[in-house]
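*Asks:* What shape does this take:
(2 chains)
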Amino acid sequence: AQSVTQPDIHITVSEGASLELRCNYSYGATPYLFWYVQSPGQGLQLLLKYFSGDTLVQGIKGFEAEFKRSQSSFNLRKPSVHWSDAAEYFCAVGALSNDYKLSFGAGTTVTVRA
Amino acid sequence: SQTIHQWPATLVQPVGSPLSLECTVEGTSNPNLYWYRQAAGRGLQLLFYSVGIGQISSEVPQNLSASRPQDRQFILSSKKLLLSDSGFYLCAWSVRRGGDTQYFGPGTRLTVL
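*Replies:* Predicted structure coming up:
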């Protein structure tokens, strides 16, 4: 079965500083990997996804993520955080063999301080 | 472009009352449809998914049921709500063939008192 771990429940970062959110997955074959962002009381918005090819993927809002098979990780990064990046971030894994059903991590809440 | 709607946005219901949450998708045909529940600090739990009209797969046995009466309509129901049914309910859709990426609706906040 596929699973996702987001080790950091809450991260506080200063505006303008860099941000890295960790995601580790468990799956036997090559997974499909996603990062979503959720503002309070809202649905989830897709930031980026990895299916195959280049292991460094670019997303919206200046985010990028790197797939590292050897570490079973798919960490999300942003070089310079804006106050509007304060939200909850979810990593998810899916697989063709599982009908593309997604398993989500518990989420990381990001607080941005001025 | 595709749009997904959910209503109501918020709902407060007494224990033992029935429930009906609705999700509709516009701008696509034959989508896969999903219901998730989000509890605080626990991520998203897949409740049901559907690959077509009348085809429902349940992921977690519980007090809820789902139906798909039309191609782009997905309904989450309960005959008698429990306190533990409180949470944020999200509907999502994906393309039927090669449907890897899921797109989420705005969600319904359900409080059972």
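
*Asks:* Strands of chain A, start to end?
*Replies:* A:3-5, A:10-14, A:19-21, A:24-26, A:32-38, A:44-50, A:56-58, A:64-68, A:73-78, A:87-94, A:103-104, A:108-113 (DSSP state E).

*Asks:* For chain A, which residues score under the pLDDT cut-off?
*Replies:* Scanning chain A for pLDDT under 70 picks out A:28, A:99-100.

*Asks:* Contacts only, for the residue sitting nearest the centre point of it.
*Replies:* By Cα atoms, centre = their mean, the mean C-alpha position of chain A lies nearest to A:W35, the distance being 3.5 Å. For A:W35, the contacting residues are A:21, A:23, A:46-49, A:59, A:63, A:65, A:74, A:76, A:89-92, by Cβ atoms under 8 Å, 6 or more residues apart in numbering or on different chains. Every C-beta, even on glycine, is put in place using the N, C-alpha and C of the backbone.

*Asks:* Need the phi and psi values for the closest residue to B:T108 other than its chain neighbours.
*Replies:* The spatial neighbour of B:T108 that comes closest, neighbours along the chain excluded (Cβ to Cβ, 6 or more residues apart in numbering or on different chains), is B:Y89 at 4.7 Å. Note on B:Y89: backbone dihedrals following degrees, to the nearest 10 are phi -110, psi 130.

*Asks:* Could you give the bridge partners of B:Y89?
*Replies:* According to DSSP bridges, the residues that bridge with B:Y89 are B:R37, B:T108.
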